[in-house]
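Engineer: can't give you the sequence, but here's the structure:
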């Protein structure tokens, strides 16, 4: 493998995981943009999404649908999981955050941590503590000389980019998107001009949770296994990505996600062994610290006037 | 003021409730069994639990020991060294007379410093790191082998049986994983083979594609991994996804059906070192039969179930033999007695290691582990 091919291979590795970080980071950043809450339970929604995916896939493959029409089965799995997680996000906001809307900012933050612990243990008790395995559906890949892209990587990057474009269009061009932007700018003013703030916040949670569900399924299929605490690490990484890009900023979350994925891949690939794989997180977080020193509001935090 | 009164009332009620629970109906002999009962290594924890349960039930059916029933207190260390010490302290506080566990060397070693102060005997069914018994502690025993033995067997197998010399070595930075990887590297160097790639990975990470891509640059023929099955699954799968043409070789931490189920086709052909087939040990047959009766839905007995069963039996036999629950007496008894166990006769040396602990290689064939090497005498 030539040096150039090596770089391209690492680029693919990094972009795949980066796409997933970006999808989860969007949920963090949208919620923060609107109600200035860091929803620590967001990683758990991602984990639940993966579980729903595995359960739905199990049912569908028992019906023989995964063998006859993989695309249809994948579509059903994605939709079911998105709907389910949207319901989770919606309910979570209703019972855990809405009653605390007027409370000091620390209260909903602690509630979010509590929610995260609750959901983790709930899934552990109902689904068991052991790993669950995704059936391998996408095997094989494309070889370009020595560079290899597996089909699942193509799938992950494709779906993520599609969803991100759709989200951008939604926020830029629809009435609801406009209402979201208005709410992010000034909640009180927005309610004075007739925007239903509670509804906008609910929708934000629903969108963020559905995106997390997609990320959960894709990661579940990519790595092949799911357990009840994958949400913790993924949530932490995605939160980092959101901060790196400028929390509250949608383009920032995407940029931050991809950047973090690439940083990790290149740190693991270019710092000579045995240190590379061990210190990739150190490297990624050092970059985060440096960015925050020079740009405290993140990479895209200041340049865009609107927060969402 | 009313709130304050309420709090005072609550504060007086709670100790009352706890006192009500402090007197159990019947006095028991307590043993502690610790391992990763939940979490990603929970499958191994379950094996320990099953083995201990069967031993406890057998003894209780015969009337227990010293005229009392036996009770096992479960400790979940979640393969976290800090948690292991907390579990150890809990065991000591609850007055257990002996400990079966822990599973991971990184847990057994810190926990042993707690047990040795009392002292209570600790028999691990699975911790293979040499350090466990090399620190001059009298109360530690293991019924499994040691990584210096396992590493030497692995190095010999790679060089002399597989005839491969380009080896990439991965480990999970734990006491067990890195220990085993380093012993294997030592063995390889003795045979004149220098690993082409050597790295630690972070346990709990999910993405190893970047470091595997770096390893691919060195064109390895064998990927040796010191660690436990959750990471082994990911390494085996992702190395195949990246088009690495390597033979996956690993140790006893990967010897579990979960590895095959999780890695799917990527596990096929992998070589894993473990002790010879338990089905062929005559003494093990009653236990295996009993396990199948008790857990008819279980696919396999599990690699460490019998080790946990044997460790529990040794502790109980020591209590019976000394007619005592005194830690020092039990430890002396275990050191000097030859036990007839389900794994055959077991005798410990002065460090607490078993005198004989053989390792052979198994291969994954059609979704099953098959022993492919006979014991070298």
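Structural biologist: Cool, the structure landed. These numbers come from a predicted model, not from an experiment.
Engineer: which stretches in chain A count as strands?
Structural biologist: Remark: strands assigned in chain A by DSSP state E are A:132-133, A:141-144, A:147-150, A:225-226.
Engineer: and chain B, by the same measure?
Structural biologist: Using DSSP E, the strands found in chain B span residues B:28-35, B:69-76, B:98-100, B:122-124, B:140-142, B:167-171, B:197-200, B:222-226, B:247-250, B:271-274, B:339-341, B:344-346, B:360-365, B:368-371.
Engineer: lowest average confidence across those, which one?
Structural biologist: For the strands of chain B, the stretch scoring lowest in mean pLDDT is strand B:344-346; its value is a mean of 86.
Engineer: starting at the chain centroid, how far to it?
Structural biologist: For strand B:344-346, the distance from its own C-alpha centre to the chain's C-alpha centre is 19 Å (Cα atoms, centre = their mean, to the nearest Å).
Engineer: same question for stretch B:215-232.
Structural biologist: From the chain centre to the centre of stretch B:215-232 is a distance of 21 Å (Cα atoms, centre = their mean).
Engineer: how about residue A:53, nearest residue that isn't a chain neighbour?
Structural biologist: residue A:217 (3.7 Å; Cβ to Cβ, 6 or more residues apart in numbering or on different chains). All C-beta atoms are positioned from the backbone trio N, CA, C, and that covers glycine.
Engineer: nope, residue A:17 is what I was after
Structural biologist: Ranked by Cβ to Cβ, 6+ apart and with sequence neighbours excluded, the top spatial neighbour of residue A:17 is residue A:261, at 4.3 Å.
Engineer: who in the stretch 101-250 of chain B is up against chain A?
Structural biologist: By the criterion of Cβ under 8 Å from any Cβ of the partner chain, the positions of the stretch 101-250 of chain B lying close to chain A are B:173, B:197-202, B:204-211, B:213-217, B:230, B:233-234, B:237, B:241-243.
Engineer: select only the buried ones of the residues you listed in PyMOL?
Structural biologist: To isolate the buried ones among these in PyMOL, judged by 16 or more other Cβ atoms under 10 Å in any protein chain shown, type:
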select buried, chain B and resi 173+197+198+199+200+201+202+205+206+207+208+209+210+211+213+214+215+216+230+233+234+237+241+242+243
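Engineer: among the residues of the stretch 101-250 of chain B next to chain A, name the ones in helices.
Structural biologist: B:209-211, B:213-216, B:230, B:233-234, B:237, B:241 (DSSP state H).
Engineer: ok, back up a step: residue A:21 is in contact with the residue nearest to residue A:17, correct?
Structural biologist: Yes - assessed by Cβ atoms under 8 Å, residue A:261 is found in contact with residue A:21 at 5.6 Å.
Engineer: tell me the contacts of residue A:40?
Structural biologist: A:109, A:112-113, A:115-116, A:235, A:239 (Cβ atoms under 8 Å, 6 or more residues apart in numbering or on different chains).
Engineer: just give me the neighbour total for residue A:113.
Structural biologist: Neighbour count of residue A:113, defined by other Cβ atoms under 10 Å in any protein chain shown: 13.
Engineer: same question but for residue A:186, I mixed them up
Structural biologist: Residues near residue A:186, counting by other Cβ under 10 Å: 11.
Engineer: buried ones in the helix or strand bottoming out on mean pLDDT in chain A?
Structural biologist: The helix or strand of chain A with the poorest confidence is helix A:65-68; it has a mean of 76 (mean pLDDT, DSSP states H and E). For helix A:65-68, a neighbour-count test (16+ other Cβ under 10 Å) marks A:65-66 as buried.
Engineer: mind listing residues that contact that helix?
Structural biologist: Residues outside helix A:65-68 that contact it (Cβ under 8 Å, 6+ apart): A:57, A:60-61, A:72-73, A:76, A:135, A:137.
Engineer: out of those residues, which is most surrounded?
Structural biologist: Looking at the contacts of helix A:65-68 with neighbours defined as other Cβ under 10 Å, the largest count falls to residue A:57 at 24 neighbours.
Engineer: show me the contacts for that residue.
Structural biologist: For residue A:57, the contact set (Cβ under 8 Å, 6+ apart) comprises A:66, A:73, A:77, A:134-135, A:137.
Engineer: how does it look with 7 Å?
Structural biologist: Taking Cβ atoms under 7 Å, 6 or more residues apart in numbering or on different chains as the contact definition, residue A:57 lies against A:66, A:77, A:134-135.
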